[in-house]
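A.B. asks: heads up, no residue letters with this:
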């Protein structure tokens, strides 16, 4: 290509995706269905509608429609902060002295600070359309809660957020942002729900987990008229909405005739990873192109790399449907690492199936090396990255350094999901040399798996 | 115009300015020269070179060259976070029900969180080019300090920041960001300088001011070999670098054939306002077009609206050159309002002259009404604004509401200088109804003016 690659590739508003891409339509082995925890039969639309909005239930169950229209109201909201730039990391390449070409899709340029807003606005839209009063949810790092607060404020919906206690304490200012957008925020586990009380009794002093917070939010949604529960990751519907990341990234690359070799995303529940890789995985599934796709997760919460592929509870309180996924067990509470968004015990069913089918690989990294990568990145590329996103940075740097050894000019694309402005407590620990690297023992995992539901 | 206006107008990298615009070249009444505080004669280039980098001294004194080339290294850095978007505030317009068309130039999409990086990178570049070891500076809200840390890290220069104590305490995380970029941060006034000790002795328990912090930074710069002092606002050179804001905004408007009627910027030392209005003011000075240009400042620190146009000290310690400006007196320490970036006692000499010549107007607003405007804006436009920027939002909303009354379809452009992610303590106070509105008494101002230097 003779065309010079700019530092940032922006699509025009006309070039922005008008449809989400549903990767399940191209999968031969479809993701396993959600099961009713009582009957162990696949959840029906009717059963799911007690928890989720009707239109979202439809999206959750649809594994055949390839493209789903993005409603105009959502596209208009997207225009306030999208298209997000695809950035050529010229300065990082120079710093590393690598022949690799590094790109990152930067999703942090909005007040929620991450990609989470892409699905939050969609879920709020469908809740509003259904005439609901409000929604409940959980949040880990606070990014999803902030995103949902913004989306609910835009559509004038009530928003109740259960925030994992460790993040609530590490990120006091997150609460204030959510409050600015009119949401209520409760640290989880809390005394405000039956499940919260039960968990607190069993694990006094727990720092919480996404699994606990989900249980509390679901309890409130299903016991309050006019409310439904919404979730920021894991679900098929969320991956569908997040496909906007990958679709934009691919359109930007195509504009300049760039074909990536390696695509890297951090993985907590899978929302960013699933969204970023969607159209590339689609080409791979249809046999049109090949890509090396890498999921990166924290060594302290290694669902892909050390998890078991099995049906499990999505939440600690075991009130949600069962999902087949790579899991550390719903009872697993990860050590308090600083990537709150990557502390979920399980993984998206769709991604779990793709991983099990050998269509992508996974690696785990320790948090001190993640923060080292974050600082290197910040100093040359300017952006202060979120700890979650920095997992992908670490892997991208590793790949680029391999290219330096071999002389290969690979094109690497990674997802920079968000900014670290609310993670300064973690950065401070890192600077002061007080950061620790936790890795669960095999015995811990075995103990947690002992509680897996019995599904043949 | 039949062309539909997108939500965000982005320039391409080719369309980005290659030269800064020096508004002084078009002024009939030139800004008054800096004076040597001892001799009361205009400062020579040689005298200024003890404090500032040589190339920046040249820019400071040049009031005839209309365009000054932006060095390629700086343009490359700009490409990492610029062009910044010119956003059409469709959602705010709808919320207000106004026929006015509102645009904002958003400078917050970079880790420093504000426009300050535009001048920081320029000043760091010239310091590096001169072979210096490092630079010293002061910071109020922390935005300038962060920006300078980022710029110094990029060029591998040492960076010593004196941070106004009240901001240091309100914004603990700012320090950690600066540290990530390798800077040292000292709360001011401090015991590390002679001037700091003197100020602490005279005002025990003071929360500090930009004037104090400047004195400390200048003392360290002039007493440490290989160091110079850099400043984030007030100076002519800073307005020159910040003209990139206005040049981009004007190019974006021109692209769609839009002529603004009203241009609004918040004013602390004048860096954002001077930069935003530069090319528009140029047209006004040359008689090519007319615009209503409005400076907005806090009622607690009202340099334009209640200040005296006189020669004054730029700093509390009286070590800097004298500058003719609208001033509250260098001894004036504003009440602890939450817009740390707008707490300077004086104002850019260039803007002071333009204001005195009747080429722009000024208004002051109280902080509770500023935070009300900020929250209204955040809820519909998504972005959580900095308190400083929210002064301009408040004025833009006021203008738009006037249009609603009169039915006029005015085009309003304002500067959204930055984000409020590090201002959550202030937002919390606002939400809790604990925010107070301070306004200095006439007696306070008279007392402060009593110490104005005697210059006829």
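C.D. replies: Yep, it's here. These numbers come from a predicted model, not from an experiment.

A.B. asks: Does residue A:394 touch residue A:369 like I think?
C.D. replies: Yes. Under the criterion of CB atoms under 8 Å, residue A:394 makes contact with residue A:369 at 5.9 Å. To be clear about C-beta, it is placed using only N, CA and C from the backbone, and glycine gets the same treatment.

A.B. asks: Between these two, which has more neighbouring residues?
C.D. replies: A direct count of neighbours by other CB atoms under 10 Å in any protein chain shown for residue A:394 and residue A:369 places residue A:394 higher, at 26 against 16.

A.B. asks: Tell me how far that one lies from residue A:298.
C.D. replies: Remark: distance between residue A:394 and residue A:298 (CB to CB, to the nearest Å) = 10 Å.

A.B. asks: Need the residues touching each of these two.
C.D. replies: Contact criterion CB atoms under 8 Å, 6 or more residues apart in numbering or on different chains; residues shared by residue A:394 and residue A:298: A:365, A:370.

A.B. asks: does chain B sit close to the helix or strand bottoming out on mean pLDDT in chain A?
C.D. replies: Across the helices and strands of chain A, mean pLDDT, DSSP states H and E gives its lowest value to helix A:165-170, namely a mean of 83. No. Helix A:165-170 stays clear of chain B (CB under 8 Å from any CB of the partner chain), getting no nearer than 11.5 Å.

A.B. asks: Could you list every helix and strand in contact with that helix?
C.D. replies: With contacts defined as 3 or more CB pairs under 8 Å, 6 or more residues apart in numbering or on different chains; DSSP states H and E, helix A:165-170 has these neighbours: helix A:172-180, strand A:184-188.

A.B. asks: Which one, of the ones you listed, ends up nearest to chain B?
C.D. replies: Nearest to chain B, of all the helices and strands packed on helix A:165-170, is helix A:172-180, at 3.7 Å by CB to the nearest CB.

A.B. asks: Same question for the closest one: list its buried residues.
C.D. replies: Within helix A:172-180, the residues scored as buried using 16 or more other CB atoms under 10 Å in any protein chain shown are A:173-180.

A.B. asks: just stretch A:125-135 next, same as before
C.D. replies: For stretch A:125-135, burial by neighbour count (16+ other CB under 10 Å) applies to A:125-128, A:132, A:134-135.

A.B. asks: between these, which is nearest residue B:349?
C.D. replies: Nearest to residue B:349 out of the buried residues of stretch A:125-135 is residue A:125 (CB to CB; 51.2 Å).

A.B. asks: wait, doesn't the closest one sit right on residue A:73?
C.D. replies: Yes. Judged on CB under 8 Å, residue A:125 makes contact with residue A:73 at a distance of 5.8 Å.

A.B. asks: in the stretch 351-456 of chain A, what residue is nearest chain B?
C.D. replies: Closest point on the stretch 351-456 of chain A to chain B, by CB to the nearest CB, is residue A:424, at 3.7 Å.

A.B. asks: Tell me which residues touch that residue, please.
C.D. replies: Residue A:424 makes contact with B:172-173, B:176-177, according to CB under 8 Å, 6+ apart.

A.B. asks: any chance of those in TSV, with pLDDT too?
C.D. replies: As requested, the contacts of residue A:424 are exported to TSV (pLDDT from 0 to 100):
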residue	pLDDT
B:172	77
B:173	87
B:176	89
B:177	93
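
A.B. asks: Could you list which of those residues also contact chain A?
C.D. replies: Within the contacts of residue A:424, those near chain A by CB under 8 Å from any CB are B:172-173, B:176-177.

A.B. asks: Show me which pair in the residues you listed is furthest apart.
C.D. replies: Checked with CB to CB, these reach their widest spread between B:172 and B:177, with 10.5 Å between them.

A.B. asks: excluding its backbone neighbours, what's nearest residue A:396?
C.D. replies: residue A:414 (4.3 Å; CB to CB, 6 or more residues apart in numbering or on different chains).

A.B. asks: Wasn't the one you found part of a strand?
C.D. replies: Yes. Looking at residue A:414 with DSSP: H, G, I helix; E, B strand; the rest coil, it is inside a strand.

A.B. asks: That one against residue A:390, yeah?
C.D. replies: No. Taking contacts as CB under 8 Å, residue A:414 lies outside contact range of residue A:390: 10.5 Å.

A.B. asks: about what we covered before: so which of the buried residues of stretch A:125-135 are in strands?
C.D. replies: Of the positions in the buried residues of stretch A:125-135, A:134-135 sit in strands, assigned by DSSP state E.

A.B. asks: could the buried residues of stretch A:125-135 go into JSON lines alongside distance to chain B?
C.D. replies: Shown next, in JSON lines, are the buried residues of stretch A:125-135 (distance: CB to the nearest CB, whole Å):
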{"residue": "A:125", "distance to chain B": "14"}
{"residue": "A:126", "distance to chain B": "19"}
{"residue": "A:127", "distance to chain B": "17"}
{"residue": "A:128", "distance to chain B": "15"}
{"residue": "A:132", "distance to chain B": "19"}
{"residue": "A:134", "distance to chain B": "16"}
{"residue": "A:135", "distance to chain B": "17"}
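
A.B. asks: and which of the buried residues of stretch A:125-135 is nearest residue A:234?
C.D. replies: Distances from residue A:234 to the buried residues of stretch A:125-135, taken as CB to CB, are shortest for residue A:135 (16.3 Å).

A.B. asks: ok, the closest one - contacts?
C.D. replies: Taking CB under 8 Å, 6+ apart, one finds A:123-124, A:127, A:148, A:152, A:157-160, A:221, A:227-230 in contact with residue A:135.

A.B. asks: Which parts of the strand or helix carrying residue A:378 count as buried, going by neighbours?
C.D. replies: If you go by DSSP states H and E, residue A:378 is part of helix A:367-381. By 16+ other CB under 10 Å, the buried positions in helix A:367-381 come out as A:367, A:369-381.

A.B. asks: just stretch A:181-196 next, same as before
C.D. replies: For stretch A:181-196, a neighbour-count test (16+ other CB under 10 Å) marks A:181-183, A:185-190, A:193, A:195-196 as buried.

A.B. asks: Need phi/psi at the residue minimising distance to the centre of chain A.
C.D. replies: Chain A has residue A:271 as the residue nearest its centroid, 3.3 Å off, counting by CA atoms, centre = their mean. Torsion angles at residue A:271 (phi, psi; degrees, to the nearest 10) stand at phi -70, psi -50.

A.B. asks: before we move on, what about residue A:263?
C.D. replies: Dihedral angles (degrees, to the nearest 10) for residue A:263: phi -130, psi 130.

A.B. asks: I'd say it and residue A:295 touch.
C.D. replies: No. Counting by CB under 8 Å, no contact exists between residue A:263 and residue A:295, whose distance comes to 10.0 Å.

A.B. asks: And for the closest residue to residue A:49 other than its chain neighbours, the neighbour number?
C.D. replies: Leaving aside its chain neighbours, residue A:49 sits nearest to residue A:57 (5.3 Å; criterion: CB to CB, 6+ apart). By other CB under 10 Å, the residues close to residue A:57 number 22.
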